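Colleague: Got a predicted structure here, sequence first:
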Amino acid sequence: MEEQKDPKSQYHEKLYAYAEQLRDVRVIGLLVFVAIVLLISWSGAKAIDTNYRLQKQISGMQQQTQVQQLKNKNLQLQNEYYNTPQYLELAARQSFGLAAPGETELVVPRSVALAHTVALPDEDQKQAAKTKARQPAYQRNFQAWMDFFLHRQSPQD
């Protein structure tokens, strides 16, 4: 009858067999190759992440530049308007209480005039919110990925 080996000795034998396999040059070469591939992959992933972050910063700065250019253009147009005869006439009427010959000026207190106004909501924002709320989750996810790949800023960012 064969003698049955205890589990501890079987474990030691298997461990010794694995250790013997590590002496083979092919196994060592394979392990070195896998280590090199992992290091190159990790380095590539870090480079991609760095490029993504830098591209995001560049995109943000370009958008800030465009916004500032639009503000400058708006101020330039506003300055041009302030130099027109129409504005000068309106400013004289408003600031100095002047009127054209034959006109009667009525002064209404600001609080009375504003008490009867109604704030109108922006229709485009309401429509966009309704449309987005009605989209299924997969469409919202697809749109988020498209915004990511095309470097678009979503409204909540």
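Modeller: Cool, the structure landed.
Colleague: name the helices or strands packed onto whichever strand or helix holds Gln57?
Modeller: Assigned by DSSP states H and E, Gln57 falls within helix 25-82. Applying 3 or more CB pairs under 8 Å, 6 or more residues apart in numbering; DSSP states H and E, one finds that helix 25-82 makes contact with no other helix or strand. Bear in mind the C-beta positions are built from the backbone N, C-alpha and C, glycine included.
Colleague: Please work out the average pLDDT along it.
Modeller: In this model, helix 25-82 has a mean pLDDT of 93.
Colleague: switch to numbering from 456
Modeller: OK, 456 is where the count begins now, so the last one is helix 480-537.
Colleague: what's around Asp504, how many residues?
Modeller: 10 (other CB atoms under 10 Å).
Colleague: just to revisit the earlier point, tell me how far the helix holding Gln512 is from the chain's mean position?
Modeller: 12 Å (CA atoms, centre = their mean, to the nearest Å).
Colleague: ditto for stretch 563-576
Modeller: 38 Å.
Colleague: And stretch 463-478, by the same measure?
Modeller: On CA atoms, centre = their mean, the centre of stretch 463-478 falls 54 Å from that of its chain.
Colleague: try stretch 552-566
Modeller: That offset, for stretch 552-566, works out to 50 Å (CA atoms, centre = their mean).
Colleague: Over to stretch 539-556?
Modeller: 46 Å.
Colleague: ok, now stretch 570-583?
Modeller: Centre to centre, stretch against its chain (CA atoms, centre = their mean), the figure for stretch 570-583 is 26 Å.
Colleague: what number of residues lie near Val489?
Modeller: Neighbours of Val489 using other CB under 10 Å come to 10.
Colleague: Oh, that last question was meant for Arg565, not what I typed.
Modeller: Around Arg565 there are 7 residues (other CB under 10 Å).
Colleague: Please save the CA atoms from the next helix or strand after the helix holding Gln512 in PDB.
Modeller: For helix 480-537, the following helix or strand on the C-terminal side (DSSP H and E) is helix 540-551. Extracted in PDB, the C-alpha atoms of helix 540-551 (Å, rounded to 0.1, in the frame of the first residue of the first chain):
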ATOM      1  CA  PRO A 540     -26.500 111.900 -31.000                       C
ATOM      2  CA  GLN A 541     -29.400 109.600 -30.000                       C
ATOM      3  CA  TYR A 542     -27.700 108.700 -26.700                       C
ATOM      4  CA  LEU A 543     -26.700 112.300 -26.000                       C
ATOM      5  CA  GLU A 544     -30.400 113.300 -26.400                       C
ATOM      6  CA  LEU A 545     -31.600 110.500 -24.100                       C
ATOM      7  CA  ALA A 546     -29.000 111.300 -21.500                       C
ATOM      8  CA  ALA A 547     -29.900 115.000 -21.600                       C
ATOM      9  CA  ARG A 548     -33.600 114.100 -21.200                       C
ATOM     10  CA  GLN A 549     -32.900 111.600 -18.300                       C
ATOM     11  CA  SER A 550     -30.200 113.500 -16.400                       C
ATOM     12  CA  PHE A 551     -31.300 117.100 -16.800                       C
END
